[in-house]
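>>> what follows is a predicted protein model with its sequence.
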Amino acid sequence: MEDQNIFSKNLRLLISYSHSIASVSRDLQISRQQLTKYLSGKNLPSVRNLRKISDFFGVEELSLIHISEPTRLGMI
């Protein structure tokens, strides 16, 4: 459960820099319902969707499920 909360918090932070949840959902080609489940902490993404999300936001996959804020690629 802790991983879900960490992921949810980090995803909310990243989406807060975007126009809207709907636009992120469209761009990622992940349903808004599924994205909402990630944001609420109900589900964790599959490896494939985790990769899509990390690539979209330009962050490392593992940084999405760690306690600290997501780390941009090349900024470590």
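Happy to help now that I have it.
>>> and N43, backbone torsions?
Backbone geometry at N43, expressed as degrees, to the nearest 10, gives phi -130, psi 150.
>>> I meant to write L13 there.
Torsion angles, degrees, to the nearest 10, at L13: phi -60, psi -50.
>>> quick one, what contacts L44?
3-4, 7, 38, 50, 65 (CB atoms under 8 Å, 6 or more residues apart in numbering). Yep, even glycine has a C-beta here, placed from its N, CA and C like the rest.
>>> host element of L11?
helix 2-16 (DSSP states H and E).
>>> how much space separates the residue nearest to the spatial centre of the chain from L28?
Centrality entry for the chain: nearest residue to the mean C-alpha point is L11, 3.6 Å, by CA atoms, centre = their mean. Per CB to CB, to the nearest Å, L11 is found 11 Å from L28.
>>> hey, what's in contact with both of those two?
I53.
>>> report the buried residues of stretch 40-51.
Going by neighbour count (16 or more other CB atoms under 10 Å), the buried part of stretch 40-51 is 41, 43-45, 49-50.
>>> let me fix that: stretch 51-68
For stretch 51-68, burial by neighbour count (16+ other CB under 10 Å) applies to 52-54, 57, 59-60, 63-65.
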